[in-house]
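[1] Below are the sequence and a predicted model; questions follow.
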Amino acid sequence: MEEKRGLKWNKIKLTTEEEEALVIGNSDDVTNTVNNCLVGRVLTHEKIDMTALKSTMKSEWRFAKGLDIIELGNSMALFQFANARDKARVLEGTPWAFHKNLLILSEYDGSITPESLEMNRCSFWIQISNLPLKWMNQRVGERIGDKLGCFEAVEVDENGNGWGRFMRVRVNIDVSKPLRRFMILELQKRERCRVILRYERLPIFCFICGVLGHSEKSCGNSGEEEESQYGVWMKAREPRKEDRKNIIVWRDRTSGLASPEVLDLTEDELIEKFALGVRMVTSFALAISYSFPLKL
């Protein structure tokens, strides 16, 4: 960011006084208030309205206990939440967008400058279609997810199957690279299958180069291809409640193992449960509790 203001570090020669270090590593020098924070960057080349960003995200997230948003410059902002639960809800609900541009979010503890964060990854639910039912299962979903990026979750039924028009896999991907459209899978007897990848809640991306953050009008590769290699067909609608499977299997971020969680069948309550941690509740038990509430 400083180079955009005319400062070129590789051209600067420090004076003797400027090279003297001030030691600030003592515990008394450290603030303990940098917690429950995320740094966000709007993926766009356009200048953003920070006032509008604050208003939009507060309206989207609707937290009762407050949310502090501080402008950091360079399309970046610091989001400080009232508690870890609210922060977790936001992370589990990605991707988020501002004016149809992707809002990249990253954990932040204050130990480095926000500009030093690698703000190039985001998690998406990806619908995988054209896959034979025999291979629509938890194990294959995990392997596909790890091939696309960092696997996070797969939606299946009680038997571990993701049968249907498509299988849903949640993956953390590098958004600085072109979106993957297809994947070749080698099945039994070396038979090959080409699956189609579609992304839920996909914000603005370029139909020419396939990269998020700009459209064809501002693409540097404009005019190189006769036909657009990407298109609106890569955007997937979120499945209806009746089309959802009732279990999401999440990969434990510490052990790397997959842990099942039963769906609550509503997006808000599902996100709420993710924030509270991994636990299993059957939809039948929920229905009973709603129909026959416990009277004390």
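    That came in fine, so what should we check first?

[2] Quick check: Val169 touching Gly145?
    Yes - the pair Val169 / Gly145 is scored as a contact, 4.7 Å apart, by C-beta atoms under 8 Å. Heads up, the C-betas are built off the backbone N, CA and C, glycines and all.

[3] Quickly list what's touching both of these two.
    Each of Phe151, Val154 lies in contact with both Val169 and Gly145 under the rule C-beta atoms under 8 Å, 6 or more residues apart in numbering.

[4] For those two, indicate the residue with more neighbours.
    Legend: neighbour count by other C-beta atoms under 10 Å for Val169 and Gly145, higher for Val169 (26 against 22).

[5] SS state for that one?
    Of the three states, Val169 takes strand according to DSSP: H, G, I helix; E, B strand; the rest coil.

[6] go on, Arg180?
    Classification of Arg180 by three-state DSSP places it in coil.

[7] Specify the beta-bridge partners of the nearest residue to it once chain neighbours are set aside.
    Computed as C-beta to C-beta, 6 or more residues apart in numbering, the closest residue to Arg180 that is not its neighbour in sequence is Leu197, at 5.5 Å. Beta-bridge partners for Leu197, by DSSP bridges, are Ile128.

[8] Leu197: neighbouring residues, count only.
    Applying other C-beta under 10 Å, we find 22 other residues in the vicinity of Leu197.

[9] Now do the same contact list for it.
    The neighbours of Leu197, taking C-beta under 8 Å, 6+ apart as the test, are Ile126, Gln127, Ile128, Leu148, Leu179, Arg180, Arg181, Phe182, Met183, Met234.

[10] so Asp68 sits in a strand?
    Yes - looking at Asp68 with three-state DSSP, it is inside a strand.

[11] buried residues in stretch 178-189?
    Residues of stretch 178-189 classed as buried by neighbour count (16 or more other C-beta atoms under 10 Å): Pro178, Leu179, Arg180, Arg181, Met183, Leu185.

[12] Equivalent analysis for stretch 146-163, please.
    Taking 16+ other C-beta under 10 Å as the criterion, stretch 146-163 shows Leu148, Gly149, Phe151, Glu152, Ala153, Val154, Glu155, Val156, Gly160, Asn161, Gly162 as buried.

[13] Narrow the residues you listed to those in helices?
    Leu148 (DSSP state H).

[14] Which two among the buried residues of stretch 146-163 are spaced furthest apart?
    Across the buried residues of stretch 146-163, the two members that end up farthest from each other (C-beta to C-beta) are Gly149 and Asn161, 23.1 Å apart.
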